[in-house]
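Novice: Here is a sequence together with a model predicted from it:
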Amino acid sequence: MTIRVLIVDDQMMVREGFSVLLNAMEGMEVVGEAVDGRQAIAQVAALRPDVVLMDIRMPEMNGLEATRQIVAADTDAKVLVLTTFDLDEYVYQALRAGASGFLLKDASARQLAEGVRVVAAGEALLAPSVTKRLIVEFSKLSEVSRVPDVSGVGELTERETEVLVLIAQGLSNAEIADRLLVAESTIKTHVSRILVKLGLRDRTQAAVYAYETRLVTPA
């Protein structure tokens with residue numbers, strides 16, 4: 001299947017550059033572009049992309065608010081945040097809002113394509129050490145608007161709790177399966193149940209939840 005991508009950035013050169021790179025990749029198609037958050041929301045509704053490459057700092061409506069509204073609309077689109085700074089103060093908030101991960105704008109063509117494939121497949125882009133560092137740091141430093149509901153943790157089985165901790169540490173399903181000596185399909189089932197029990201959208205929110213509730217604490 002072809003992965004349909006929407007590129008959202010207020011800089012034309014960035015949009016054009018990413019469009020050229022992604023359209024050259026097998027199995028990918030850039031179906032549209034947007035220059036700010038408002039256009040992004042409209043384009044997601046009209047074009048139904050699989051992945052949205054979302055800049056954060058834009059006029060009219062920034063990528064953070066656009067991400068919130070796209071996620072709230074319960075679309076199938078996964079948001080992959082683009083940023084110039086690996087410790088951008090808004091990136092953590094975007095992850096909390098439902099973004100599936102983030103990439104630096106100076107990522108290579110290979111990293112960009114792999115990032116799109118990862119989030120399109122429903123995984124979280126958490127493997128790079130810089131992403132894990134960002135989640136840890138902002139889970140400690142960010143002032144959140146609400147206190148996470150920790151009651152859901154008590155609903156998890158011992159194995160589901162163990163899987164959630166490993167998700168927060170950035171492990172993929174395959175890596176978790178190897179660590180726990182079970183089939184990858186079993187881990188996928190555990191992940192699905194974790195998300196349902198905690199009322200979370202995806203693995204990224206699960207990882208953030210684990211840090212915010214102190215189920216996982218920074219080393």
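Specialist: That came through, no problem.
Novice: Residue ranges in the protein under the pLDDT threshold?
Specialist: 85-89, 124-151, 218-219 (pLDDT under 70).
Novice: From Lys188, how far off is the residue lying farthest from the centre of the chain?
Specialist: Relative to the centre of the chain, the most outlying C-alpha is that of Leu181, 26.8 Å out, by C-alpha atoms, centre = their mean. Using C-beta to C-beta, to the nearest Å, we find Leu181 at a distance of 16 Å from Lys188. Just so you know, the C-beta spots here come from the backbone N, C-alpha and C atoms, and that holds for glycine as well.
Novice: go on, Leu64?
Specialist: Leu64 is 30 Å from Lys188, by C-beta to C-beta.
Novice: Just want to know which of those two has more residues nearby.
Specialist: The residue with more neighbours, out of Leu64 and Lys188, is Leu64; 20 against 14, by other C-beta atoms under 10 Å.
Novice: helices or strands up against the helix or strand harbouring that one?
Specialist: Assigned by DSSP states H and E, Leu64 belongs to helix 63-72. If contacts are counted by 3 or more C-beta pairs under 8 Å, 6 or more residues apart in numbering; DSSP states H and E, helix 63-72 sits against helix 37-47, strand 51-55, strand 78-83, helix 91-97.
Novice: Buried deepest among these, which one?
Specialist: Stretch with highest mean neighbour count among the helices and strands packed on helix 63-72: strand 51-55 (a mean of 27; mean count of other C-beta atoms under 10 Å).
Novice: Please write out the alpha-carbon positions of that one in CSV.
Specialist: Output of strand 51-55 as CSV, limited to C-alpha atoms (Å, rounded to 0.1, in the frame of the first residue of the first chain):
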residue,chain,number,x,y,z
VAL,A,51,0.9,10.6,7.9
VAL,A,52,1.1,14.4,8.6
LEU,A,53,4.6,15.9,8.7
MET,A,54,3.8,18.8,11.1
ASP,A,55,6.0,21.8,11.7
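Novice: Neighbouring strands of it in the sheet, and parallel or not?
Specialist: Strand 51-55 has the following strand partners under DSSP bridges: strand 3-8 (parallel), strand 78-83 (parallel).
Novice: residues in contact with that strand?
Specialist: For strand 51-55, contacts defined as C-beta atoms under 8 Å, 6 or more residues apart in numbering pick out 3-11, 14, 18, 40, 44, 63, 66-67, 70, 77-83, 94, 99, 103, 116, 119-120.
Novice: repeat that with 6 Å
Specialist: The contact list for strand 51-55, computed with C-beta atoms under 6 Å, 6 or more residues apart in numbering, reads 5-9, 63, 67, 77-82, 116, 119-120.
Novice: and the residue most central in space within the chain, what is it in contact with?
Specialist: By C-alpha atoms, centre = their mean, the chain has its centre lying nearest to Ser100, at 1.0 Å. By C-beta under 6 Å, 6+ apart, the residues touching Ser100 are 78, 119, 124, 202, 204.
Novice: Select from those every entry located in helices.
Specialist: 119, 204 (DSSP state H).
Novice: re earlier: quick one: the helices and strands packed on helix 63-72 as TSV, columns for distance to Val208 too.
Specialist: Shown next, in TSV, are these (distance: least, C-beta to C-beta, whole Å):
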stretch	distance to Val208
helix 37-47	21
strand 51-55	17
strand 78-83	13
helix 91-97	6
